[in-house]
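Trainee: Using only what follows, build the 3D model:
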Amino acid sequence: MYSEKQRIQTGIYGLDALIGGGFPLGRTYLVAGETGTGKTTFALQYLYRGIEYGDSGLYVTIDERPKHIIEDATSLGWDLEKFIDENKLLIAELTPLFSDTMKIDAEQVIGELKGLISEIEAKRLAIDPIAPLVLRGTEVLDPLAAQMVVRNYIRRLIFALDELNITTVATSEVPTGTRQLSRYGVEEFLASGVIVLRFSRMNSGFVRELYIRKLRGVNHSLSVYNFVIQRGKGIVIST
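Mentor: Next up is the predicted model:
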């Protein structure tokens with residue numbers, strides 16, 4: 001088990017009480033869910049509240065432009081530009097690393113992240129989403145060989161993130177109508193924890209729900225909790 005001194009507060013209202021005080025330090029945690037369940041809000045809130053706690057943060061995006069991330073945060077009542085100007089937050093777009101033909105290896109990605117982390121001495125990292133960081137070019141391999149290449153790549157990537165001594169939240173898009181937790185089916189096994197966000201039908205509408213699928217070394221709750229997204233606060237879990 002981990003002591004309180006080795007925990008990092010998540011910044012998600014109601015979550016720390018469910019996991020013994022926060023995430024164990026220096027590990028990678030997967031936040032999985034369908035489109036619209038609140039994954040990006042979770043990642044931004046983790047960094048935003050972390051800065052208020054004194055931890056600088058790095059937000060890595062592949063699918064969105066940094067200005068759109070800032071605009072989305074503003075709609076939640078969070079002023080990211082203030083923290084950027086104070087050198088407490090860095091939003092980085094890794095899209096320039098990618099092309100239609102080139103392969104991206106774990107060492108190249110980690111090398112880029114190391115440089116970004118050192119710029120602001122970041123203690124927290126959010127990758128939103130993680131799937132595009134997986135190398136391309138496996139389509140030329142047979143399915144079994146491609147699966148092995150992807151597994152080895154993700155293992156190297158996540159192990160390297162843990163060695164950076166930074167606590168990482170990575171989001172994972174869940175295909176609608178499936179039981180998958182990640183695109184490649186291995187991220188959830190290698191991450192130290194998995195938190196699932198989902199929709200549940202209630203009467204004529206839907207509610208958002210959260211449950212902790214796993215959290216290594218932590219005696220966590222196994223219940224399902226409703227949550228809402230409030231302006232100024234973000235995700236608030238009903239316990």
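
Trainee: Pull up the gap between the most centrally placed residue in the chain and Arg231, please.
Mentor: Against the mean C-alpha coordinate of the chain, by C-alpha atoms, centre = their mean, the closest residue is Ala170 at 2.2 Å. As judged by C-beta to C-beta, to the nearest Å, Ala170 and Arg231 stand 25 Å apart. (Each C-beta comes from the backbone N, C-alpha and C, glycine too.)

Trainee: cool, Phe159 as well?
Mentor: Taking C-beta to C-beta, one finds Phe159 at 38 Å from Arg231.

Trainee: Those two - which one has more neighbours?
Mentor: Of the pair Phe159 and Arg231, Phe159 is the one with more neighbours under other C-beta atoms under 10 Å, namely 13 against 9.

Trainee: now the helices: where do they sit in this structure?
Mentor: 39-53, 66-75, 80-85, 106-120, 143-163, 187-190 (DSSP state H).

Trainee: Could you look over those and pick the most buried one?
Mentor: helix 39-53 (a mean of 22; mean count of other C-beta atoms under 10 Å).

Trainee: what does that helix contact?
Mentor: With contact meaning C-beta atoms under 8 Å, 6 or more residues apart in numbering, helix 39-53 is reached by 8-12, 31-33, 57-59, 69, 72-73, 76, 78, 80, 83, 88-89, 123-124, 126-129, 169, 171-173, 195, 197, 229, 234-235.

Trainee: rerun that using 6 Å as the cut-off
Mentor: 9, 11-12, 31, 33, 57, 59, 73, 78, 83, 88, 124, 126, 128, 169, 171, 229, 234-235 (C-beta atoms under 6 Å, 6 or more residues apart in numbering).

Trainee: Now list the buried members of these.
Mentor: Among those, those scoring as buried are 9, 11-12, 31, 33, 57, 59, 73, 78, 83, 88, 124, 126, 128, 169, 171, 234-235 (criterion: 16 or more other C-beta atoms under 10 Å).

Trainee: Strands - which of those residues land there?
Mentor: Per DSSP state E, strands hold the following members of the buried ones among the contacts of helix 39-53: Val31, Gly33, Gly57, Tyr59, Arg124, Ala126, Asp128, Val169, Thr171, Gly234, Ile235.

Trainee: partner residues bridging the fourth one?
Mentor: The bridge-partner assignment for Tyr59, based on DSSP bridges, gives Ile91, Ala126.

Trainee: ok, Asp16 - how many residues close by?
Mentor: Using other C-beta under 10 Å, Asp16 has 17 neighbouring residues.

Trainee: check contacts around the nearest residue to it once chain neighbours are set aside.
Mentor: Counting by C-beta to C-beta, 6 or more residues apart in numbering, Gly22 is the residue found nearest to Asp16 once chain neighbours are left out, at 4.9 Å. By C-beta under 6 Å, 6+ apart, Gly22 lies in contact with Arg7, Ile8, Gln9, Thr10, Asp16.
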